[in-house]
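# Structure for this input, please:
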Amino acid sequence: MLAGLNRARRGLANLELPRFRPPKRFAWLAFLGPGLIAASAGNDAGGVATYSSIGADLGYDLLWALVLITISLAVVQEMAARMGAVTGKGFSDLVREQFGVRITALVMGTLLLANAGLVVSEFAGIAAAAELFGISRYIAVPTSAVLLWLLILRGSYARVEKVFLALTLVFLAYPIAAVISHPDWSEVAKHMVWPNFAFSSRRLTLLVAMIGTTITPYMQLYLQSAVAEKSGRADPKAARIDAYAGTLFSNIIAASIIIATGATLYVQGISVKSAKDAAEALEPIVGSAAPYIFGAGLLGASILAAAVLPLATAYTVTEAFGFEKGVSRSFREAPVFHGLFVGLIATGALAALIPGLNVIDLLISTQVLNGVVLPVVLVAIVLLVNDRAVMGKYTNNRLYNVVSWSTVVAVSLLSTIYLGMTFYDLIGFGG
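As a prediction, this is how the structure comes out:
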C-alpha cells in the first residue's frame, strides 16, 4: 500500500528502501503521477468499509463533510508534494534534520501507531473477504500471514503481486453503481452543499473515521518521498496539479461508495454489519455475484497492503533512527527492523482473530485511530512547509495556511470530543 518496490527486479530479499516509494498495487495509475497513486491508496479495505457504513447508516448526510475534507486533502497533499519537489527529501529526513530526535520519536511513534492500525484493518479485510467465500477467518488469516511473511523474506512476492493488483480494479465499479442505483440527485446535491449538524455518537465516530481514511497520515509521507524519488527537485507546479488530480479522482470514488450504499442500503434500512452487506451496493451491476466480486476486490487490496505496509513501516522507522535495516539481513544484524516487521504482521493477524469481533466495526475503528493521530503529522507538515530555511520562496501563502491550520484545529477538536465521549462512556457515565 505504502511502498512501491523500486528494486523489485532483484526481488524483495535484496530490497533496500531509503524512503517511501510508489505502492505497486496502484502502478497502473503511475502515468498520472504519485499524487493520484497516494490519494487512491486511501480507498482500501478500511476506506470501503467506512464509506459503505456512512452511506448505509446516514444516507447522504455526510457528503458535505466529504466536500470539505476533499479541499483539506488537496491542500495537505499539495504541501507534501511541494516539499518533495523543492527539497528532494522525504518527510522523515526533514523531520529528523529540522526537529531533532525527540520530535522525530513523537512523529515516528505516531506513524507506527497509525500504520499498525492499518495493518490490523488489512488483515480484517482478508478475514471479511475469506468469509464471503465460505472460508473461516481462523484459517484464512493465519495462513495469509505466514504466506506473506515467507513470500517477502524469499523475495517472491513480486511474482504474485500482479494477480492481487488486478483484483483491486473491482472498486472502480462504484461510480457506475452510484448511477445505476438511481439515487435522488437533488438530495445528493443538497447534502453536498448544505451541512447537517445533527449530533450522535455514531455520526461522530463515522465522521472521524472518514477523516482518518481520507487524509491518512501515510499518504502524505508516501507522496512527498515519491515526488522526491521520482525526479529529485521536481517542478512544484506540476506536483501541485498531480496532487489535485489525485485528490479529486480518489474522492469521486469515495463519494460514489457513499451514494451507492445510500441509494441501495439506507433506503431499505440496512446497516453494514458485514462485508456481504457492503457488497450489496454492487448488486445493480452484477446481481447475485456481488458478494464474490466484492470479495475478490477486497481480498486483493487487503493482501497487497498487508504485505507492503509492515515492510515500508519497518524501513521508515528504522531509517529515521539509523538502525540497520533490510530483509536480507539476519535478525541478529537488524533486530529492530525484523522486530517491527514481524510484530506488525503478528499484531494485525491476531487482532483480526479476536472472537466475536465484528470485522466492519474493526475496520472503522482503525480509521478512527488514523483520524485521532492525524494532527501530529499535519502539524509537522505545516511547520516544515512554512520554514523558509527548508522551502525558500515556496512556503505557504495565506490561503494555504488558513486551510491547513483550520484542518489541524478541526481534526484536533473532533478527535478530542471523540476521545472525551469514549472515556465518558468507559467510566460508566454514558448511560
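# Can you get me the centre-to-centre distance for the helix or strand harbouring L383 and its chain?
Assigned by DSSP states H and E, L383 belongs to helix 359-385. Computed by C-alpha atoms, centre = their mean, to the nearest Å, the separation of helix 359-385 from the middle of its chain amounts to 9 Å.
# Extract the CA atoms of the next helix or strand after that helix and return them as PDB.
Downstream of helix 359-385, the next assigned helix or strand under DSSP H and E is helix 388-391. Output of helix 388-391 as PDB, limited to C-alpha atoms (Å, rounded to 0.1, in the frame of the first residue of the first chain):
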ATOM      1  CA  ARG A 388      12.000  29.300   4.700                       C
ATOM      2  CA  ALA A 389      15.200  27.500   5.600                       C
ATOM      3  CA  VAL A 390      13.600  24.400   4.100                       C
ATOM      4  CA  MET A 391      11.300  25.700   1.400                       C
END
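# contacting residues around helix 388-391?
R82, M83, V86, T87, L94, Q98, L384, V385, T395 (C-beta atoms under 8 Å, 6 or more residues apart in numbering). For glycine as for every other residue, the C-beta is placed from the backbone atoms N, C-alpha and C.
# so which of these is the most crowded?
M83 (29 neighbours; other C-beta atoms under 10 Å).
# how about it, what does it touch?
Going by C-beta under 8 Å, 6+ apart, M83 touches K89, F91, L94, Q224, I381, L384, V385, V390, M391.
# Just the element for it, please.
Using DSSP H and E, M83 sits within helix 63-87.
# so L298, which of the three states?
helix (DSSP: H, G, I helix; E, B strand; the rest coil).
# Name the nearest residue to it, ignoring sequence neighbours.
The spatially closest residue to L298, leaving aside those adjacent along the chain, is A129, at 4.2 Å (C-beta to C-beta, 6 or more residues apart in numbering).
# Please find the angle between the direction vectors of the helix or strand hosting the one you found and helix 359-385.
Element membership of A129 [criterion: DSSP H and E] is helix 91-132. Calculated by axes from the mean of the first three to the mean of the last three C-alpha atoms, to 10 degrees, helix 91-132 forms an angle of 170 degrees with helix 359-385.
# How many residues are close by Q77?
27.
# how about the nearest residue to it, chain neighbours excluded?
Per C-beta to C-beta, 6+ apart, closest to Q77 is A243, 4.1 Å.
# My guess is the one you found contacts G84. True?
No. The criterion here is C-beta atoms under 8 Å, and A243 misses it with G84 at 10.1 Å.
# Next, show the common contact partners of the two.
Joint contacts of A243 and G84 (C-beta under 8 Å, 6+ apart) are L223.
# Show me the helices in the stretch 151-300 of the chain, by range?
Secondary structure of the stretch 151-300 of the chain by DSSP state H, counting those that start in this stretch: the helices cover 157-167, 174-180, 185-193, 201-214, 217-231, 236-264, 275-279, 283-286, 290-320.
# could those helices go into CSV alongside distance to P335, mean pLDDT and mean neighbour count?
CSV is the format used below for those (distance: least, C-beta to C-beta, whole Å; pLDDT from 0 to 100; neighbours: other C-beta atoms under 10 Å):
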stretch, distance to P335, mean pLDDT, mean neighbour count
helix 157-167, 22, 63, 17
helix 174-180, 43, 88, 19
helix 185-193, 51, 94, 14
helix 201-214, 31, 91, 23
helix 217-231, 24, 73, 27
helix 236-264, 37, 87, 23
helix 275-279, 37, 86, 22
helix 283-286, 48, 80, 18
helix 290-320, 10, 81, 25
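# L350: helix or strand, and which one exactly?
Going by DSSP H and E, L350 is in helix 335-351.
# Convert that helix to CSV, retaining C-alpha atoms only.
This file holds the C-alpha atoms of helix 335-351, laid out as CSV (Å, rounded to 0.1, in the frame of the first residue of the first chain):
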residue,chain,number,x,y,z
PRO,A,335,16.8,-6.8,15.3
VAL,A,336,14.7,-3.6,15.3
PHE,A,337,13.8,-3.9,11.7
HIS,A,338,12.8,-7.5,11.9
GLY,A,339,11.1,-7.0,15.2
LEU,A,340,8.9,-4.2,13.7
PHE,A,341,8.2,-6.2,10.5
VAL,A,342,7.2,-9.4,12.2
GLY,A,343,5.5,-7.6,15.1
LEU,A,344,3.2,-5.6,12.7
ILE,A,345,2.2,-8.7,10.8
ALA,A,346,1.6,-10.7,14.0
THR,A,347,-0.4,-7.9,15.6
GLY,A,348,-2.6,-7.4,12.5
ALA,A,349,-3.3,-11.1,12.2
LEU,A,350,-4.1,-11.6,15.9
ALA,A,351,-6.4,-8.6,16.1
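# And that helix, how far out from the chain middle?
19 Å.
# Report the angle between the helix holding L383 and helix 217-231.
50 degrees.
# what packs against helix 359-385?
helix 45-58, helix 63-87, helix 91-132, helix 201-214, helix 217-231, helix 275-279, helix 388-391, helix 398-426 (3 or more C-beta pairs under 8 Å, 6 or more residues apart in numbering; DSSP states H and E).
# model confidence over it, on average?
Averaged across helix 359-385, pLDDT comes to 90.
# next one: stretch 55-66
94.
# what's next to that stretch, contact-wise?
54, 183, 187-188, 190-196, 198, 202-203, 206-207, 210, 214, 251, 254-255, 257-263, 265-267, 270-272, 277-278, 281.
# just stretch 268-277 next, same as before
49, 52-53, 56-57, 128-129, 131-132, 261, 265, 278, 280, 291, 294-295, 298, 358-360.
# Export only the CA atoms of that stretch, formatted as CSV.
Output of stretch 268-277 as CSV, limited to C-alpha atoms (Å, rounded to 0.1, in the frame of the first residue of the first chain):
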residue,chain,number,x,y,z
GLN,A,268,-34.0,-0.2,2.9
GLY,A,269,-32.8,0.4,6.5
ILE,A,270,-29.9,-2.0,6.1
SER,A,271,-26.8,-1.3,8.2
VAL,A,272,-23.4,-2.6,7.1
LYS,A,273,-22.7,-5.3,9.7
SER,A,274,-20.6,-7.5,7.4
ALA,A,275,-18.7,-7.5,4.1
LYS,A,276,-21.7,-9.1,2.5
ASP,A,277,-23.9,-6.1,3.4
